[in-house]
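**Q** no sequence for this one, just the structure:
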């Protein structure tokens, strides 16, 4: 079943197949697509696109993209738009980016942010490397 899972009013998480459905993109009024993968396509819809080319590998550096992705999602929300973050299966990479956004702009703890994303899409499971990058990010955010 194709679906975009709603994390907040302005943020969805999904797998690539659903995120590339122009029908779903229009239906949910998505204005920004964040593709967190090396090989997945973008929807053909005429919307803003952000590409974070990483593999679902614990050694990949997703940390360096947390701020830019979180800020892009927030800017989209501020102008009344909606974002979808996706990777191949909508489990690890996209979930990690959504959690980082909730921690930065939602002021949630890592634990609460993970729970919120898991409630929206119960199959999420960030790999151990991404989880440790999120822990590092939580410490960084505490300092600001």
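**A** Ah, there it is. Computed from a predicted structure; not experimentally measured.
**Q** mind listing what residue 1 touches?
**A** Under the criterion of C-beta atoms under 8 Å, 6 or more residues apart in numbering, residue 1 has no neighbours. C-betas here are computed from N, CA, C, even on glycine.
**Q** all helices of the chain, in order?
**A** Along the chain, counting by DSSP state H, helices occupy 16-19, 22-27, 66-78, 93-105, 110-120, 128-143.
**Q** how far off centre is the longest one?
**A** What that stands for is helix 128-143. Taking the mean of its C-alpha atoms, helix 128-143 sits 16 Å from the chain's own mean (C-alpha atoms, centre = their mean, to the nearest Å).
**Q** now swap in stretch 10-28 and tell me
**A** On C-alpha atoms, centre = their mean, the centre of stretch 10-28 falls 12 Å from that of its chain.
**Q** hang on, isn't residue 81 packed against residue 9?
**A** No: if you go by C-beta atoms under 8 Å, residue 81 and residue 9 don't touch, sitting 10.9 Å apart.
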